[in-house]
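K.L.:
let's see this in three dimensions:
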Amino acid sequence: MDNDDLVLSTPSNFPAFPYNPPYSIQIDLMRHVYTSIEKRQVTIVESPTGTGKTLSLLCSSLSWLVDEKDRARKGQLLQQSLSSTAPSWVATQTLDIRKRELDAEDEEYEERLAKARKTEAHFRMLARARVTKKQRVTVNLAQGHVDEDAYLPDEDCEDSQDNFSPAVRALMAKSEMDKTKKHDPASQEDEPSCTKIYYASRTHSQLTQVLPELAKLKFKHLALGGAVPDESTTEYMSRADRHACQKKRTLGDVNDDKCEVDQRQWRTVSLGSRKQLCINEAARSRLGDIDEKCRELLEGKQHQRCQYLPPVGDDTRMLDLRDQILASPKDIEDLATAGKNTQTCPYYGSRRAIPQAELITLPYNLLLQKTAREALGIDLTNQVVIIDEAHNLIPTLLSLSSVRLTSNILSTSLKQVSVYYHKFRNRLSAMHALHLKRLLNFLDAFQRVAMDWMTKKSSAKSKWEDTEVMTVPDFIHRLGRKVEGINLLEIESYLKRSKIARKISRYAVDVSEGEKPGRHSSGVATPPLHTIEALMLGLAGASEDGRLIFSAVGDTVEVKYQLLNPSALFRDVVEVARSVVLAGGTMSPISAVVSELFAYLPLNRLSTFSCGHIIPASNVQTLLLTKGPSGLDLEFKFAQQSNRQVVSELGQIVLNFCNVVPGGIVVFFPSYVSLNYAREAWSQIGLLDKFSVKKKVFSEPQESSGVEMILREYAIAAKAHTPLDKKTGAVLFAVVGAKLSEGLNFSDDLARAVVVIGLPFANKNSPELQERMRYANQTESRSGVKRHAGGKDAGTEMYENMCMNAVNQSIGRAIRHRGDWASLVLIDRRFSSPAIRGKLPQWLRDDVAVCETFGQAMKHLGNFYREKKQR
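P.N.:
Sure, this is the predicted structure:
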């Protein structure tokens, strides 16, 4: 009997939500997410920043998880009852016994985690009491004499399966997996698993906001001790003060230890990379790729094995760390600290905790890439996946599926494989020799195609484009008959299975450095063959959806493989997960997400939700400005962005805004080029000096290193009021789609106005964009869907959607909480067209004022800020 036969009804309220009562839009959102999970749907959720999106997503999904666990238990008992042929009184007694057994199992497990919390508290107390000495980096890792046999491929992958049946292949694969598990400290063999929530976001900084929100929730099954305040006590607390004992622990809070030990908590795991979690200072201090160093230390023998990995076969330390990780929620920094306290690797410890976790937080790339999921042991079958900040999902999918290599990487790979093959070919088995010979043929043919392309381009001069786009079949054909018959997926699978790329690279580097083979150099670089491996996987997997773009960069050739269909990578997630929730503050236009990612889904599997804002309507005004002070039509197409008259008119507009807007103004330009040109032009005619009289002027730096300092200085200036020189606030010039246009909080005086100049369309001359638009049109044509008269084709629609998605992200920098207020000004007459206005976020699109004259805009702004000042 399937547990889903016991259907869960959507609750009308959510008692675990910490603020009573929730806003109506929060209730609506939580009900929608709960229903979508129960119905096994993919849903797209748009909830503006400041509406408690993260808290609502956690509350609704975890509420479903609690109900699902209860349903699973009822299903077990009901199944046993239905299958029993004993008299009713015997069956009843048997069910009672089984129920007590299940309760005892749960209690025993929680006691184990409570013990782990006590151990962790003891470690924290010791850490506070002692002076931690920096680890001495004296171990000469992976150096010393190594026999040449160490460069030979492992014989474990000697399973040439060409002549074996699928059943035999599966048996051999299982044997291979069993061998691997013996050496993998994160092996999850025989680990009990449970239904879980995977919560993904783009960066770890965004994920750090999840655990504090989790601590606010009031689930009854967590209150096993005296740690949770009674409801009668918390009823009169403010939103900020309620659940003080559940706030995120800091390592310095001695008084929190007892609270945590007594309280059952959500079993939560934060997944990160080796770079973030490695605690081996000797490995971190070495030059090169830390992933490669870690793998080298994992495979090492005796003293070369990492000191933070327990000996093979001894799982005690790793299991203790696993229990500490599950005992209380930890972010990446907490994980690293727990690893240092227990002298056990937190990277492998966190992986070991995955099966029994209820909530797993992880960055996009670990969730979306199949290779990363396999490496971590993540199985999404029937699990719930929540992707926050999902407006970045399509660009991320395209980025993860692209591979970029240069002719230098290609020639280095060819040279390394050639040197290795000729050195060891007499010692290689037939299977290894065959695969390496095929790889050599592929690399040799690839280099020949790249050199021929560069030669043809150089000889043709101006008649030949700097770039050329090839389909995968065209590229394979150019490689020649010798390569056309090769199964690239088979070679890629061999490289992955044998892990020979590292041995080839290590041997080639040792030889090139003039070292005696058998002695390792100190640095560990990423093998160039890994790039070739990724390219081969792409070429083998998407013949219709993939393109290769050859470009000339100086004297070298750059080849980029680009997958045009973002849904191909994501489909693996959607088809196995129980439910997928895409959530974001600005998902508009939602139709773009549906068309690019879910065109194949049946309508009953897909749902959408878009809610209004929690702020009063009077707290935000949106103006579309179509004319400047002189009556000039405002249209900032690419050619107009360097028009002196138009840029001068724009400067007058910004100057007028500086005179009426209090606090800070953030002005978004379409590009750095247009921003720099405007600043230079304004400086020459004295407008920048006039800006400076009213507000301090800042510009977004092109280098990431300067962003933090600019933001800090801007925040101070935006909040400053200096009556002596009549300067109030600051103005910040930024770029749509750059560092300041998303993920940053310009609340209150940091942005009393957000101004967007022009429509930031991407460069239509980009080969990648042209291919994506062409592919979208071809897909639309194949689908047989007819456009309405005068409608845009799919490529143009996608191009427009990309632009408006970027605009919506910039708009979202203002209005960050219920009491916030600001004006949003869109400067370009094209914003007034119904097609463009319809792609603005739902919460503001119905209340937009189109200003036909500049005087109207200034009147709206003046009235708005006077009203706010009177309050």
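
K.L.:
which secondary element of the protein has the worst mean pLDDT?
P.N.:
Using mean pLDDT, DSSP states H and E, helix 231-234 stands out as the lowest-scoring helix or strand of the chain, at a mean of 38.

K.L.:
next, count neighbours for residue 654.
P.N.:
22 (other CB atoms under 10 Å). All C-beta spots, glycine's among them, are computed from the backbone N, C-alpha and C.

K.L.:
now it, nearest residue through space, not along the chain?
P.N.:
residue 667 (6.3 Å; CB to CB, 6 or more residues apart in numbering).

K.L.:
now do the phi/psi pair for that neighbour.
P.N.:
phi -110, psi 120 (degrees, to the nearest 10).

K.L.:
who's in contact with it?
P.N.:
By CB atoms under 8 Å, 6 or more residues apart in numbering, the contact set of residue 667 is 654, 731-734, 755, 757.

K.L.:
any idea what it is bridged to?
P.N.:
residue 733, residue 755 (DSSP bridges).

K.L.:
now residue 857: closest residue in space, sequence neighbours ignored.
P.N.:
Leaving aside its chain neighbours, residue 857 sits nearest to residue 851 (4.1 Å; criterion: CB to CB, 6+ apart).

K.L.:
strands of the stretch 1-150 of the chain, residue ranges please.
P.N.:
Assigned strands in the stretch 1-150 of the chain, in chain order: 42-46 (criterion: DSSP state E, counting those that start in this stretch).

K.L.:
got TSV for the contacts of residue 667, with pLDDT and distance to residue 9 too?
P.N.:
Output for the contacts of residue 667, formatted as TSV (pLDDT from 0 to 100; distance: CB to CB, whole Å):
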residue	pLDDT	distance to residue 9
654	94	55
731	93	53
732	94	49
733	95	53
734	93	47
755	95	47
757	95	50
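
K.L.:
and which of those residues is nearest residue 97?
P.N.:
Closest approach to residue 97 among these (CB to CB): residue 734, at 66.5 Å.

K.L.:
next, count neighbours for that closest one.
P.N.:
If we define neighbours as other CB under 10 Å, then residue 734 has 26 of them.

K.L.:
that one reaches residue 666, doesn't it?
P.N.:
Yes: counting by CB atoms under 8 Å, residue 666 is a contact partner of residue 734 at 6.0 Å.

K.L.:
flag the shaky bits of the stretch 101-250 of the chain, pLDDT-wise.
P.N.:
Scanning the stretch 101-250 of the chain for pLDDT under 70 picks out 101-102, 105-106, 109, 113, 116-117, 120, 122-147, 154-192, 221-250.

K.L.:
go again using 50 as the cut-off
P.N.:
132-145, 159-166, 168-169, 172-173, 175-177, 179-182, 224-250 (pLDDT under 50).

K.L.:
quick revisit: redo the contacts of residue 667 as CSV? Include distance to residue 449.
P.N.:
CSV is the format used below for the contacts of residue 667 (distance: CB to CB, whole Å):
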residue, distance to residue 449
654, 52
731, 52
732, 48
733, 45
734, 43
755, 49
757, 44
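
K.L.:
let me know the closest of the residues you listed to residue 8.
P.N.:
Lowest distance from residue 8 to the contacts of residue 667 (CB to CB) belongs to residue 734, with 45.6 Å.

K.L.:
for the closest one, give its distance to residue 610.
P.N.:
For residue 734, the distance to residue 610 (CB to CB, to the nearest Å) stands at 26 Å.

K.L.:
got it, and residue 717?
P.N.:
Residue 717 sits 36 Å away from residue 610, going by CB to CB.

K.L.:
kindly report the same for residue 650.
P.N.:
Relative to residue 610, residue 650 is positioned 32 Å away (CB to CB).

K.L.:
look at the two and report which has more neighbours.
P.N.:
Taking neighbours as other CB under 10 Å, residue 650 and residue 610 compare with residue 650 leading, 28 against 16.

K.L.:
list the contacts for that one?
P.N.:
So residue 650 contacts 628, 634, 636, 678, 757, 827 (CB under 8 Å, 6+ apart).

K.L.:
A helix includes it, no?
P.N.:
Yes: membership of residue 650 in a helix is supported by DSSP: H, G, I helix; E, B strand; the rest coil.

K.L.:
got a pLDDT number for the nearest residue to residue 526 once chain neighbours are set aside?
P.N.:
Leaving aside its chain neighbours, residue 526 sits nearest to residue 289 (4.4 Å; criterion: CB to CB, 6+ apart). We have a pLDDT of 73 for residue 289.

K.L.:
do residue 761 as well
P.N.:
pLDDT for residue 761: 93.

K.L.:
any stretches of the stretch 301-450 of the chain with poor pLDDT?
P.N.:
The model of the stretch 301-450 of the chain has pLDDT under 50 over residues 301-302.

K.L.:
all helices for it, in order.
P.N.:
In the stretch 301-450 of the chain, the helices defined using DSSP state H, counting those that start in this stretch lie at 316-327, 332-342, 346-352, 364-368, 370-376, 393-400, 407-424, 430-460.

K.L.:
partner strands of the helix or strand just after the longest one and their direction?
P.N.:
Okay, so that is helix 430-460. Following helix 430-460 in sequence order, the next helix or strand is strand 467-471 (DSSP states H and E). Strand 467-471 has these partner strands in its sheet, going by DSSP bridges: strand 546-553 (antiparallel).

K.L.:
what lies in contact with the partner strand?
P.N.:
406, 450, 453-454, 457, 466-472, 475, 538-539, 557-564, 767-768, 771.

K.L.:
go ahead and produce PDB holding the CA coordinates of the helix or strand following it.
P.N.:
Per DSSP H and E, the first helix or strand lying C-terminal to strand 546-553 is strand 556-563. Extracted in PDB, the C-alpha atoms of strand 556-563 (Å, rounded to 0.1, in the frame of the first residue of the first chain):
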ATOM      1  CA  THR A 556      45.200  31.200 -29.700                       C
ATOM      2  CA  VAL A 557      41.900  29.600 -30.500                       C
ATOM      3  CA  GLU A 558      39.200  29.500 -27.800                       C
ATOM      4  CA  VAL A 559      36.500  26.800 -28.100                       C
ATOM      5  CA  LYS A 560      33.300  27.100 -26.100                       C
ATOM      6  CA  TYR A 561      30.700  24.300 -25.800                       C
ATOM      7  CA  GLN A 562      27.300  25.800 -25.000                       C
ATOM      8  CA  LEU A 563      24.200  23.800 -24.300                       C
END
